[in-house]
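Trainee: Provided below are the primary sequence and the corresponding predicted coordinates.
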Amino acid sequence: MNITIIHRYWGKARKLKTSEGDEYHLLSFHFLDVVSVAAYWWDHSPGLRHLFCIHQNRNEREVRAWVLFFVALHDLGKFDIRFQYKSPQTWLSLNPEDRQSRLPSIEECQSYDHGAVGLYWFIGDYQPESSEDDDDFGSTDTVHHYQDWFSWIEAVCGHHGVIRQKKDVIHFANYPLPFSLRHHAARDKQARLVWLDIAAELFLSPVGLSLQDAPPDCPILMAGFCSIADWLGSWSTGDTFNYRATAVSDVAELRAYFEQRYQEDAMRVVTRSGLIGQVKQDASVQTLLDTGYQPRQVQTLVDKLPVVSGLTLIEAPTGSGKTEAALAYAWRLLEHNLADSIIFALPTQATANAMLDRMDKLAEKLFTAPNLILAHGNARFNTTFQAIKQRGINLQEEEAWSQCCEWLSQGRKRVFLGQIGVCTIDQVLVSVLPIRHRFVRGFGVGRSVLIIDEIHAYDQYMYGLLDAVLHNQLRAGSSAILLSATLPQKQKQQLLNSYVPLPDNANSEQAVAVEDTPYPLVSWVGNGETQFFDLQDQPEQYPAPFSLHLEPYYTEDAVPDNSLLERMVDAARKGAQVCLICNLVDVAQQAWRQLKELAAGRVDVMLFHARFSLVDRQVKESAVLSCFGKGGNRCDGRILVATQVVEQSLDVDFDWIITQHCPVDLLFQRLGRLHRHWCAIRPEDFAHPKAVVLLPITAGYGRFSKIYSHTRVMWRTQKWIETLQGKPLSFPDAYRKWLEPIYREDISEPEPQWVTEGMKAFEENNFTQCMKAQRMVDWAEMVGLRDVEGNERAVTRDGAMSIPLVLFVVTEAGRQLLDGSIYEQLGEFRRQEALTRNQVNVPLGWKQKLGLVQDKWNRVWLEGNNDITDWDWSSKDGRLRYSHEQGMVLVL
């Protein structure tokens, strides 16, 4: 085979900074660099091999051959004069005869998309009716010679961010060569055809395959796998993938080049990247527990669960060890090579931060030298995560480079490529949304056992996206584990059905049946079957029953009155740890001010909500945990006034909770913060947990309805509270006995008209959210927005947008921010960090209400009138005040 023509094309070019090394890297060598990474990664990752082969009817050697063959075609679009002339000097040094030819303009080169056009040329090169003079090959109805290859070519050609399909490229006007450049077409096409033959000889022939054979189905993980291999195969350092401009003479020399790069360069970059982890053996819950503790409750069920890919739902009370149970089961799946890694997704940054602290202690029990990654918008400011990276740097060994997870944490797209990822749920949802390189995150999720905590905590829009994520886990052959203390039957049915293959999912007879199930419960779906695991044959493992007194308390708008506030202060003076949970920030701020006045310095009154700057929020969170967290200082009674952030985000313990009314499942979440941890001594009046639920005197829920719009559930929850009539609320029985009747869809009792009308609006909004989610998932097939935080927030959380305010006062030195730093005195990186740490997020509605104007980065800069420690701003529409104690306060 004459391979001379392929050496007239470069793949990478650069301006040399030193006299060492070649100026460019031949395209054939770049192809083989990337394939060497893919091959090394494949050969050293049994979990990855399992996932690529699980749905195939081919042996592993054949699947490997096809995977490497198609990876070798990822840059097919670089065999085109419009790409090659991006570096005129390089092209003309390889093709000096072209100095007399018409060559592409700067605009033609700059607009050239070699990924999409690679797909275009592949279709055209093998379309029977096409020729160099007729690029309109989309008009023919003839079956393409390589029709079975399209999904593979689409996947590998999308490696720069967006996967294009045949229908997207065949009629695109900018893809064919302009008439003035057609004289280059024959040479480019010949090079592409020759390279295809070379790739087949290198990767298909050794296992007895040829271009005439049909490939297996393209795995859903292929696009992400190829993209990452391309990144690593382009990682040119002093000892990896150095440029080579010297051609070889035959395929045998290309094979030798590939083998050398496989054994040396690919081994180095894959090791340094931290992609491959070593799972420790003998997975067990016992290993994850502290010394002296034994598996309990649902933890005892782990060894009974099927060791095959599936969807697992764990329902158990707060504090019953769901996290360790999920990790132990995920560990077993990894031990059997059913996945490569673990992702733990949580509803908020605070819960993710807390989980990182736990995983930092557990990671090395699961893996040898694991990469532990934190992924959310403010991960870079997390002190635990910074310490994890620094530990690796301090080891001063090559292995430490991977452990410090620098490469993995440098880019937003790489966050799921370590052994353990801890993240907020939006980071997972991006894998099905119109964000560039979403398939890289999809690959990271798909190669992992995905654990999602607080599964009940998401709205209908996010459930629609989550459904797509779980479908992709099913397609990838991987597993998901969902955790919740409370989950209505309909929600549970929806989640379990998401892991039923689509044809069955559309058939009601195949739906998972979840009626009348015990509690606690582990539900498992996989291999076309459903299994339930409970503790009925281990009654000694049932959660210890406990009861609490739930007092309904009626006030105007369900806001605490002076009498109740005085009771709170009195309880704290007697040593009780008291928490008031408000549904709205302004209600919490007002209650805090009243309590401060009543306490008159005799009791510490703390305030915690989401409307603080990141700097202040971190200080507040640390203070709350030091007082109310596990092992907190309980010498003195205190009061915490908080919003929903305390509902899920913090592991805290109180003696008495006062909460504004909310849906029953969230109420139980809040009550789960009562006597959460063992405590030797509790105040005399609080030896048993107590709670007050604030209810409105009049019908309806006022402003609460904007937050909790399921009026039927709100109304039924109130009715059930009222029917207690002083009797204790008993757990864990209440989880099933209350949740199912309150969330049932049928109307078995008369309800007020305002409830019915509110329910109609709720259902209409739910339908709209479902449709938006489906449209967003469909849109992801066509569009790729930039992978930046603003775009992520816009597409992951429908209707929950906020706007960031940058608060400052003008000084002689420049603009002074909340933390005292002067913006103009900071370098560019420090400026971005300072803005993130000092901005305050407020509801989007404030923009119109106060006439706020955003800059091109969507921030609002507001100049205050006073000292930065008592920031104040006003306009004709309203007034804003910020203090480190109260956060942002709106005064209309």
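Mentor: Done, it's in.
Trainee: where are the low-confidence patches of the stretch 51-200 of the chain?
Mentor: For the stretch 51-200 of the chain, the stretches flagged by pLDDT under 70 are 128-143, 171-174.
Trainee: buried set for stretch 713-733?
Mentor: Across stretch 713-733, burial judged by 16 or more other CB atoms under 10 Å covers V713, M714, W715, R716, T717, Q718, W720, I721, L729, F731, P732. For the C-beta atoms, the positions are set from N, CA and C on the backbone; glycine is no exception.
Trainee: and which of these is nearest to V169?
Mentor: Nearest to V169, judged by CB to CB, of the buried residues of stretch 713-733 is V713 at 48.5 Å.
Trainee: and after the helix or strand that contains the closest one, which helix or strand comes next?
Mentor: Assigned by DSSP states H and E, V713 belongs to helix 711-724. Per DSSP H and E, the first helix or strand lying C-terminal to helix 711-724 is strand 729-731.
Trainee: about what we covered before: tell me which other helices or strands the helix holding V713 touches.
Mentor: strand 546-555, helix 664-671, strand 690-696, helix 704-707, helix 733-743, helix 753-779 (3 or more CB pairs under 8 Å, 6 or more residues apart in numbering; DSSP states H and E).
Trainee: Can you check which of these gets nearest to G442?
Mentor: helix 753-779 (11.9 Å).
Trainee: other SSEs contacting the closest one?
Mentor: Checked by 3+ CB pairs under 8 Å, 6+ apart, helix 753-779 has helix 460-476, helix 711-724 packed alongside it.
Trainee: how distant is the longest one from the center of its chain?
Mentor: Going back to what we said before, that points to helix 460-476. 12 Å (CA atoms, centre = their mean, to the nearest Å).
Trainee: Check the shortest one too.
Mentor: How far helix 711-724 lies from its chain's middle: 35 Å, per CA atoms, centre = their mean.
Trainee: ok, residues contacting that helix?
Mentor: 550, 552, 661-664, 667, 693, 695, 701, 704-705, 708, 738, 741-743, 751-752, 754-755, 758-759, 762 (CB atoms under 8 Å, 6 or more residues apart in numbering).
Trainee: ditto for stretch 858-866
Mentor: Stretch 858-866 is contacted from outside by 790, 803-810, 815, 835, 839, 847, 852-855, 871-874, 880, 882, using CB under 8 Å, 6+ apart.
Trainee: Surely H145 and G124 touch.
Mentor: No: taking contacts as CB atoms under 8 Å, H145 lies outside contact range of G124: 11.5 Å.
Trainee: Same drill for those two, tell me which one is more crowded.
Mentor: Per other CB atoms under 10 Å, whichever of H145 and G124 has more neighbours is G124, with 26 against 13.
Trainee: tell me which element that one is part of?
Mentor: G124 belongs to helix 114-125, assigned by DSSP H and E.
Trainee: tell me how far that helix is from the chain's mean position?
Mentor: With CA atoms, centre = their mean, you get 32 Å for helix 114-125.
Trainee: cool, and stretch 449-464?
Mentor: 11 Å.
Trainee: Just the endpoints, please. Distance across it?
Mentor: Using CA to CA, to the nearest Å, one end of stretch 449-464 lies 20 Å from the other.
Trainee: average pLDDT for it?
Mentor: Per-residue pLDDT values over stretch 449-464 give a mean of 90.
Trainee: what's the answer for stretch 661-668, then?
Mentor: Stretch 661-668 carries an average pLDDT of 94.
Trainee: what's next to it, contact-wise?
Mentor: Residues contacting stretch 661-668 (CB under 8 Å, 6+ apart): 456, 485-488, 558, 583, 644, 647, 659, 670, 693-696, 701, 704, 708, 710, 713-714, 716-718, 720, 731, 734-735, 738-739, 742-743.
Trainee: Can you spell out the domain ranges of this structure, please?
Mentor: According to the TED database, the chain comprises the domains 3-129+144-273, 288-500+514-538, 549-730, 800-891.
Trainee: For those domains, please prepare a markdown table with the additional fields distance to W779.
Mentor: A markdown table is the format used below for the domains of the chain (distance: least, CB to CB, whole Å):
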| stretch | distance to W779 |
| --- | --- |
| domain 3-129+144-273 | 12 |
| domain 288-500+514-538 | 5 |
| domain 549-730 | 26 |
| domain 800-891 | 18 |
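Trainee: Okay then, goodbye and thanks.
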